[in-house]
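Novice: Have a look at this fold, sequence not included:
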Ligand SMILES: Cc1cn([C@H]2C[C@H](O)[C@@H](COP(=O)(O)OP(=O)(O)O[C@H]3O[C@@H](C)C(=O)[C@@H](O)[C@H]3O)O2)c(=O)[nH]c1=O
């Protein structure tokens with residue numbers, strides 16, 4: 001396993017090795033014991049998948065609040081995405097900062113996003129499929145979001161805003177500065 005820690009503390013990129021031969025390749029894409037020992041001691045309880053038909057489709061920025069905050073392990077099965085995280089841990093030195101990683105089936109790279117980050121992505125190619133494991137069940141009551149185009153965060157999306165496609169729900173999300181404080185995470189007590 002190739003493992004890289006990213007510029008935001010807690011975010012980890014993982015590239016599982018592939019054993020190639022004349023048929024193609026074989027790869028162990030997730031191993032519970034290895035993940036617990038090397039990345040985070042968490043239990044994944046649900047696997048999700050989404051397809052976005054058009055390039056320039058943005059989903060996010062999403063997170064769930066405690067006690068159902070989710071860690072997410074994201075990979076891209078088809079197409080190509082720019083995956084984005086924003087640190088929303090109050091008290092974190094990198095609060096409000098974002099980073100991105102390109103994920104595609106070509107590299108097989110995965111991104112581990114612990115609780116305490118908002119997550120989103122934009123598809124760079126049409127028909128992009130992402131698959132992600134989560135550590136807590138989906139709960140609409142605990143679901144929250146931040147506007148993907150919040151100017152104070154300033155994510156460098158690779159498309160003009162006018163060419164991006166989003167859900168109606170994502171068009172109404174508040175800015176980070178307007179999130180009620182009781183949705184806050186503590187940097188000292190990460191919610192894994
Ligand atoms: C996320 C989710 C959605 N749904 C339903 C609710 C709704 O009817 C439909 C589509 O939901 P959404 O529009 O919220 O899907 P989407 O915008 O793809 O939401 C996802 O975005 C990315 C960026 C994340 O990080 C994920 O955690 C998740 O929030 O699927 C579930 O049943 N289970 C789930 O776990």
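Specialist: Noted; the coordinates are in hand. Here the structure is a predicted model, which is why all the values come from computation and not from measurement.
Novice: Neighbours of residue 113, how many?
Specialist: 24 (other C-beta atoms under 10 Å). Yep, even glycine has a C-beta here, placed from its N, CA and C like the rest.
Novice: Number of residues surrounding the closest residue to it other than its chain neighbours?
Specialist: The spatially closest residue to residue 113, leaving aside those adjacent along the chain, is residue 72, at 4.6 Å (C-beta to C-beta, 6 or more residues apart in numbering). The local packing of residue 72 (other C-beta under 10 Å) involves 22 other residues.
Novice: I figured residue 72 hits residue 119, correct?
Specialist: Yes. Using C-beta atoms under 8 Å, residue 72 is in contact with residue 119, at 5.9 Å.
Novice: got the end-to-end distance for stretch 100-120?
Specialist: Criterion C-alpha to C-alpha, to the nearest Å; first-to-last residue distance in stretch 100-120 is 9 Å.
Novice: centre of the chain versus that stretch, how much separation?
Specialist: Centre-to-centre, stretch 100-120 and its host chain are 5 Å apart (C-alpha atoms, centre = their mean, to the nearest Å).
Novice: ditto for stretch 147-161
Specialist: 16 Å.
Novice: One more: stretch 96-116?
Specialist: 6 Å.
Novice: buried set for that stretch?
Specialist: 96, 98-104, 107-116 (16 or more other C-beta atoms under 10 Å).
Novice: Which parts of the protein are helices?
Specialist: 32-38, 168-171 (DSSP state H).
Novice: Please report the distance of the residue nearest to residue 113 from residue 25.
Specialist: As judged by C-beta to C-beta, to the nearest Å, residue 72 and residue 25 stand 25 Å apart.
Novice: how deep is residue 127 tucked in, by neighbour count?
Specialist: Close neighbours of residue 127, defined as other C-beta under 10 Å, add up to 12.
Novice: got it, and residue 13?
Specialist: By other C-beta under 10 Å, 18 other residues sit near residue 13.
Novice: so who does residue 39 touch?
Specialist: 3, 12, 14, 112 (C-beta atoms under 8 Å, 6 or more residues apart in numbering).
Novice: Output the set of residues of the protein in proximity to the ligand.
Specialist: Contact residues, the chain versus the ligand (C-beta under 6 Å from any ligand atom): 48, 50, 59-60, 62, 72, 119-121, 138, 167, 169.
Novice: What's the local residue count around residue 31?
Specialist: Using other C-beta under 10 Å: residue 31 sits among 12 other residues.
Novice: Correction: the previous question concerned residue 132.
Specialist: By other C-beta under 10 Å, the residues close to residue 132 number 22.
Novice: and residue 114, how far is that from residue 25?
Specialist: Taking C-beta to C-beta as the measure, residue 114 and residue 25 are separated by 29 Å.
Novice: now swap in residue 147 and tell me
Specialist: To residue 25, residue 147 is 39 Å away according to C-beta to C-beta.
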